[in-house]
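K.L.:
Mind folding the following:
(one chain, ligands or ions: 1)
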Amino acid sequence: MDIKKISYNSLYIHVPFCAKLCDYCAFFVIAKPNRTIRQNYLNRLKREIQDKTTLFEPLDNIYLGGGTPTHFSLKELQKLLRILTSNLPISTDCEFTIEGNPTCFTKDKIKLLLDNGVNRFSIGVQSFSDETRRTIGRAGEVSRIFNVVDALQSYSIKNYNLDLIFGVPNQSIDQLRLDLDELVKLSPSHISAYSLMIKEKTPLAKRLKNGINDDFFIKMWTLIEEKLNNECGMYRYEISNFSKPGYECRHNYNIWKGGQFLGVGPSACYFDGISRWTNPANFNKWIDGIDAIEDYLDLPDRAIEILLTGLRTSKGWEHSEFKLKTGFDYNKLRYKQINHCVSKGLIHKEENRIKLTKRGMLLSDYVERELI
Ligand code: SF4
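P.N.:
Residues are numbered from 1 along each chain as shown. This next block holds a predicted model:
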């Protein structure tokens, strides 16, 4: 399929810069980029967006992620926002998210972002415990987290996500409880709670070989859900994501549900409904305009992939919704495998819907292996 024949209303922008690399990070990121690198990025990004201008329909959501988009200076951030606002059709109720690190999320940057249509803020908290932060090699002072949330609240911003990492080796259940207590006090509308993944070739993998055991993981997972349900009024709408009703992340939800989206920036992915494309995860190649690489799957295999990502959401799949999205009937595609998961108590099957049970959410890796 020719990517140029499709129009997109969902955009991801990858900003590959951070002040310091975290030991667990497996994203494409450049630490401490100098001014020339930052300028080259902005110039190339402008060209990439302008080359794709005809592909956009009014944008329903924009996700400025990374990396750390707030690593830019105020002036550079202004330039970045101007590139976006002057080249993209942004709908009036567009969900416009920016990710940022507390160390560089300043009050003047927040004001600038607000003035340019950003309306959702995602802050990388990870943990309030110095010990946990040291274990995963996460830089930055905890006090900065409180300053950023104060700044957001001073502008009456309600729509902000806080990221949490749990399942860190040597982290106790009490330490996790303290992290959750602090998160609850900061009144976010959304929390992403990720269990630590020790990915190959990261500095963390050289120091730590094993994560936590399954029983302890279940204990932590259960505590997170209970506390966020009872004390924050949040519900788990995806395996790792909780929100107050109405604050679910539109951008990510579209991706889990197999929606099309466009990505710009080095290593950014985009999906045209059939193929996934990935820009070079290499700064110079991206600057030189080297083409994205296509990851093509046969239609049934792509439909299975979409089946799995959609099952990550608490609503799962409604039968006709899946058919409309992929052209396939999930019962014909994976009848035996779905029923096997039903018999194991991992999938709940109604006449017109399938979704993971609570146990299925906990054992989603197993479900994934079964359905593939
Ligand atoms: S802040 Fe995020 S993107 Fe940057 S190094 Fe840490 S984990 Fe990676």
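K.L.:
Could you pull up phi and psi at residue 140?
P.N.:
Dihedral angles of residue 140 (phi, psi; degrees, to the nearest 10) stand at phi 100, psi 150.
K.L.:
ok, residues contacting the helix or strand harbouring residue 181?
P.N.:
Per DSSP states H and E: residue 181 is located in helix 173-185. Helix 173-185 has contacts (C-beta atoms under 8 Å, 6 or more residues apart in numbering) with 125, 127-129, 131-132, 162, 164, 166, 191, 216, 219-220, 223-224, 227-228, 231-232. In this view, the C-beta of every residue, glycine as well, is placed from N, C-alpha and C.
K.L.:
Report the buried residues of it.
P.N.:
175-176, 179-180, 182-184 (16 or more other C-beta atoms under 10 Å).
K.L.:
Would you indicate which residues of the lowest-mean-pLDDT helix or strand in the chain are buried?
P.N.:
For the chain, counting by mean pLDDT, DSSP states H and E, helix 203-207 ranks last in confidence among helices and strands (a mean of 91). Buried positions in helix 203-207, judged by neighbour count with 16+ other C-beta under 10 Å: residue 204.
K.L.:
Next secondary structure after it?
P.N.:
helix 214-232.
K.L.:
Which other helices and strands does that next one contact?
P.N.:
Contact here means 3 or more C-beta pairs under 8 Å, 6 or more residues apart in numbering; DSSP states H and E; on that basis helix 214-232 packs against strand 160-166, helix 173-185, strand 190-195, strand 235-238, strand 241-243.
K.L.:
which strands and helices sit next to the shortest one?
P.N.:
What it means is strand 241-243. Packing contacts for strand 241-243, counted by 3+ C-beta pairs under 8 Å, 6+ apart, involve strand 190-195, helix 214-232, strand 235-238.
K.L.:
Just name the most buried of the ones you listed.
P.N.:
strand 190-195 (a mean of 21; mean count of other C-beta atoms under 10 Å).
K.L.:
Give me the mean pLDDT for it.
P.N.:
The average pLDDT within strand 190-195 is 97.
K.L.:
what pairs with it, and is each one parallel or antiparallel?
P.N.:
Strand pairing for strand 190-195, using DSSP bridges, gives strand 160-166 (parallel), strand 241-243 (antiparallel).
K.L.:
Out of those, which gets nearest to residue 209?
P.N.:
Residue 209 lies closest to strand 160-166 among the strands paired with strand 190-195, at 17.9 Å (C-beta to C-beta).
K.L.:
could you give the angle of the closest one to helix 173-185?
P.N.:
180 degrees (axes from the mean of the first three to the mean of the last three C-alpha atoms, to 10 degrees).
K.L.:
Residues of the stretch 151-300 of the chain that sit close to the ligand?
P.N.:
Taking C-beta under 6 Å from any ligand atom, no part of the stretch 151-300 of the chain reaches the ligand.
K.L.:
What ranges does the stretch 251-372 of the chain have for its helices?
P.N.:
Using DSSP state H, counting those that start in this stretch, the helices found in the stretch 251-372 of the chain span residues 283-287, 299-311, 319-326, 330-343, 358-362, 364-371.
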